[in-house]
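1. Structure of the sequence below:
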Amino acid sequence: MDKPKSVLGYLPEDRPTTGKLILFALQQVLVMFPATVTVALLTGFHVSTTIFASGLATLCFLFFTKGQIPLYYGSSFAYLSALAAFMGTQRYGVTAPDALISQAQFGIICSGFVSIIAGLIVNRYGIEKIEKVLPPTVTGSVAMIIGLSLAGSAMSQAGMFDAATGTTSGVGWIAALVTLFATIFFSVYLKGVWGQISILLGILVGYAVSIPLGLVDFSAMLTGSIIQVPHFTLPTPNVGAVAAIMPIAIATIPESTAHVFQLDIYVNDLADKMGRPRRDIAGKLGLNLIGDGIGDIVSSLFGGPAGTNYGENISTMAITKNFSVWMLGAAAVLAMAISFIVPVSAAINSIPGAVINGACIYLFGVIGAQGVAIMINRKVDMFSARNLAVIATILIIGLGGYFGFPGNSIPVGSFKLPAIATAAIFGIVLNLLLQIGGKKEN
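-> Predicted structure coming up:
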């Protein structure tokens with residue numbers, strides 16, 4: 001047997017040295033920051049509280065799962081339409097009244113218990129039976145639409161699209177493309193530690209280019225207080241919030257499952273190349289769902305929105321071959337610190353959207369590609385009529401619903417169904433129906 005090649009990477013239990021740990025953690029924070037902040041701005045939650053809650057929920061998740069599942073918890077887009085409707089959000093960036101946030105917190109806490117119950121069911125009946133409900137045709141397709149549904153956001157914000165005039169910014173495209181090509185170049189050609197911070201380096205290059213282009217506003221870093229405690233609120237019981245928000249948790253289960261399967265593939269690929277034992281991350285799906293639920297509860301106890309484990313951070317880990325839970329824990333602590341330190345938060349917030357989304361063109365595409373990897377890894381028969389029916393309908397309902405209607409939701413009478421969640425549930429039900437009376441297919 002040939003001796004395994006020397007491969008630089010970090011498996012979940014590996015701990016980088018302190019200097020590297022800080023750099024790797026900063027990279028993870030930069031990757032999660034835009035989406036997590038955007039959810040707060042769209043739904044009316046306090047931004048600093050959302051960032052704090054993201055870090056604390058991640059720490060609790062890593063602690064509960066005993067560092068066996070390297071994931072970062074951030075605000076979930078799946079809850080956007082439900083939260084925005086309940087909060088009555090009218091304008092981007094306008095914070096909702098404390099009373100509404102408190103009521104929404106109660107609904108989010110209840111959704112956390114849904115995830116916990118789902119995790120207990122998975123642990124009780126085992127992954128084999130759960131895969132009959134969530135086969136790779138469903139989880140892989142859901143991963144694909146998660147990544148591809150973000151394509152419009154990445155492209156429009158990379159070009160600094162102005163909806164009022166229907167135009168994009170030339171300097172925005174320059175910053176975005178420089179960031180994109182720098183990130184790709186660094187991730188493909190840099191070796192060693194430099195290759196493991198390729199996303200961070202790409203964003204720094206884009207930031208440097210943006211300064212002479214006039215895209216960076218330094219004023220927020222030079223004004224106001226240095227330390228500011230996030231605005232915390234307590235949950236208030238509300239039946240309407242439970243009815244509006246809690247059901248969304250059911251639809252996030254396929255997304256969370258897809259992330260676990262993605263991790264299993266990439267972590268074990270690295271373990272094989274390093275000649276180290278494989279890890280049964282896919283078999284810890286139930287533990288992951290329980291951890292997800294705990295993350296929702298912890299986040300919402302302090303006034304944060306509902307969340308999930310982040311595909312952007314998984315993509316970053318896959319590209320840089322760094323799955324260290326120590327790194328993710330450090331990123332969580334760093335995020336919590338940033339929520340208190342105004343200039344640091346302002347500095348990260350000063351990174352132009354064109355730069356972040358230039359990198360996201362790559363990262364979001366990797367999320368979609370990971371969905372393909374799930375199906376390849378699980379040897380899905382793409383000539384099977386049943387498999388094609390499930391995959392095709394999930395893709396079209398998810399992407400068509402996301403891009404075809406306002407608010408990324410499918411209108412059915414007076415109801416609005418979140419497109420990705422609806423596609424996932426439709427695919428699960430269709431897959432189960434097609435198992436009735438049909439011949440067995442792999």
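2. now the chain, which segments are flagged as low pLDDT?
-> 1-7, 78, 80-81, 89-93, 220, 222-224, 251, 437-442 (pLDDT under 70).
3. Need the residue closest to the centroid of it.
-> The centroid of the chain falls nearest to residue 310 when counting by Cα atoms, centre = their mean (2.4 Å).
4. Would you confirm that it contacts residue 77?
-> No - the criterion here is Cβ atoms under 8 Å, and residue 310 misses it with residue 77 at 10.4 Å. Any C-beta I mention is one placed from the backbone N, CA and C, and that applies to glycine too.
5. Pull up the overlap in contacts between these two.
-> Common contacts of residue 310 and residue 77 (Cβ atoms under 8 Å, 6 or more residues apart in numbering): residue 35.
6. what distance separates stretch 174-183 from the middle of the whole chain?
-> On the basis of Cα atoms, centre = their mean, to the nearest Å, stretch 174-183 sits 22 Å off its chain's mean C-alpha point.
7. That one: which residues count as buried?
-> By 16 or more other Cβ atoms under 10 Å, the buried positions in stretch 174-183 come out as 174-180, 182-183.
8. And stretch 188-199, by the same measure?
-> Buried-residue list, stretch 188-199, by 16+ other Cβ under 10 Å: 193, 195-199.
9. Which single one of the residues you listed is nearest to residue 395?
-> Distance to residue 395 across the buried residues of stretch 188-199 (Cβ to Cβ) is lowest for residue 199, with 27.2 Å.
10. Just to be sure, the closest one is in a helix?
-> Yes - with DSSP: H, G, I helix; E, B strand; the rest coil as the criterion, residue 199 is part of a helix.
11. Return the residues in contact with it.
-> Neighbour list for residue 199: 27, 30-31, 183, 187, 316, 319-320, 359, 363 [criterion: Cβ under 8 Å, 6+ apart].
12. Going by distance to residue 353, which of those residues wins?
-> Among the contacts of residue 199, and counting by Cβ to Cβ, the member closest to residue 353 is residue 359, at 11.0 Å.
13. Please identify which of the buried residues of stretch 188-199 is nearest to residue 301.
-> When the buried residues of stretch 188-199 are compared against residue 301 (criterion: Cβ to Cβ), the nearest one is residue 199, at 31.0 Å.
14. From residue 120, how far out is the closest one?
-> Distance from residue 199 to residue 120, counting by Cβ to Cβ, to the nearest Å: 36 Å.
15. How about residue 342?
-> 41 Å.
16. Please apply the same query to residue 88.
-> In this view, residue 88 and residue 120 are 35 Å apart by Cβ to Cβ.
17. who has more neighbours, the two?
-> Neighbour count, other Cβ atoms under 10 Å: between residue 88 and residue 120, residue 120 has more, with 14 against 10.
18. can I assume that one is in contact with residue 287?
-> No - applying Cβ under 8 Å, one finds residue 120 not in contact with residue 287, separated by 10.2 Å.
19. the longest helix in the chain is where?
-> In terms of residue count, the longest helix belonging to the chain (DSSP state H) is helix 98-133.
20. And that one, what does it pack against?
-> Contact analysis of helix 98-133 by 3 or more Cβ pairs under 8 Å, 6 or more residues apart in numbering; DSSP states H and E lists helix 80-87, helix 239-245, helix 248-274, helix 285-301, helix 419-433 as its packing neighbours.
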